[in-house]
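Undergrad: my questions concern the predicted model and sequence given below.
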Amino acid sequence: MSGQVLVVDHLAVSVAGQQVVEDVSFTVPATGITAVLGRNGVGKTSTLKGVLGLYQRTGEVTLAGERIDALPTHKVVQRGIGYVPEDREVFARLTVSENLALAERQGSATRERREMVDRLFPDLVQRRDQMAGTLSGGQQQMVALARVLLNDNLLLLVDEPTKGLAPLIVEQVIEALRLASATVPILLVEQNLDVVRRLAGDAVVIAGGRVVHTGSASDLLSDELLTQRLLGVHAESGEVRP
Ligand SMILES: Nc1ncnc2c1ncn2[C@@H]1O[C@H](COP(=O)(O)OP(=O)(O)OP(=O)(O)O)[C@@H](O)[C@H]1O
């Protein structure tokens with residue numbers, strides 16, 4: 001396989017008849033974490049949903065060398081894209097182990113994968129009989145990540161995993177993402193630039209429905225003027241602003 005797991009070429013995305021992503025092109029390397037950055041409402045989430053086919057899209061999307069842009073969402077997922085949505089979305093009134101059991105795709109989860117997930121998230125092993133709704137935000141994020149790691153994915157799309165979490169919990173999520181990214185490449189939407197600096201190899205910046213910058217995340221974030229211009233924030237001061 002080439003060095004890219006995902007190639008997005010001239011993707012346009014519409015929701016409720018309105019175009020929310022105009023023309024987005026970028027590639028995702030087959031290893032590590034690639035960050036999608038941009039001010040609020042520029043279309044980061046819609047880009048992920050366009051790749052998944054949840055929103056109507058045009059353009060070319062190629063996963064591991066095969067076009068997936070004409071496929072319905074369930075086929076995209078079967079080809080090997082795991083999605084961790086914003087706000088985690090665990091089944092609150094089911095236990096941790098029930099949440100995980102429901103995520104296992106037929107023929108994909110193996111004993112080795114279950115053991116790997118148990119090794120990555122020992123906290124979840126201890127809490128397997130706890131209702132997911134009573135977990136902390138960070139633990140819920142671990143459930144959400146564990147669910148996609150149970151399956152044999154080529155790529156994970158992870159949307160704002162640290163949103164609304166306390167700093168200590170953010171540290172746990174960073175560690176979980178770091179461990180997860182050693183097993184599968186991740187396309188990460190993230191507003192917290194400290195998290196991006198610590199995790200991401202590459203960054204894709206969206207503005208006005210288009211990609212306005214691609215390149216090394218650390219090069220971008222070490223360039224004060226560029227970060228300020230593209231994201232409206234000084235690199236060392238944390239969150240991307242509207
Ligand atoms: N389901 C929807 N119905 C109507 N409009 C939508 C819907 N989803 C997204 N939009 C609109 O599309 C635009 C892009 O939204 P999107 O959530 O993709 O941006 P974002 O960059 O992820 O923003 P944020 O950082 O706030 O999560 C926004 O103007 C938003 O209001």
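TA: In hand now; what should we look at?

Undergrad: report the buried residues of the helix or strand bottoming out on mean pLDDT in the chain.
TA: Counting by mean pLDDT, DSSP states H and E, the chain has its least confident helix or strand at helix 111-120, which shows a mean of 87. If you call a residue buried by 16 or more other Cβ atoms under 10 Å, then helix 111-120 has these buried ones: 113-114, 116-117, 120. Quick note: C-beta positions are derived from backbone N, CA and C, even for glycine.

Undergrad: again, but for stretch 151-161
TA: For stretch 151-161, a neighbour-count test (16+ other Cβ under 10 Å) marks 151, 153-161 as buried.

Undergrad: equivalent analysis for stretch 20-27, please.
TA: 20-21, 24, 26-27.

Undergrad: turn those residues into TSV, columns for secondary structure and pLDDT.
TA: Shown next, in TSV, are those (DSSP: H, G, I helix; E, B strand; the rest coil; pLDDT from 0 to 100):
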residue	secondary structure	pLDDT
20	strand	94
21	strand	95
24	strand	97
26	strand	98
27	strand	97
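
Undergrad: for those residues, which one is nearest the ligand?
TA: Minimum distance to the ligand across those is 3.4 Å, recorded for residue 20 (Cβ to the nearest ligand atom).

Undergrad: contacts only, for the closest one.
TA: Counting by Cβ atoms under 8 Å, 6 or more residues apart in numbering, residue 20 touches 13-14, 43, 46, 55, 209.

Undergrad: before we move on, the earlier item: ok, which of the buried residues of helix 111-120 also contact the ligand?
TA: Among the buried residues of helix 111-120, no residue sits close to the ligand (Cβ under 6 Å from any ligand atom).
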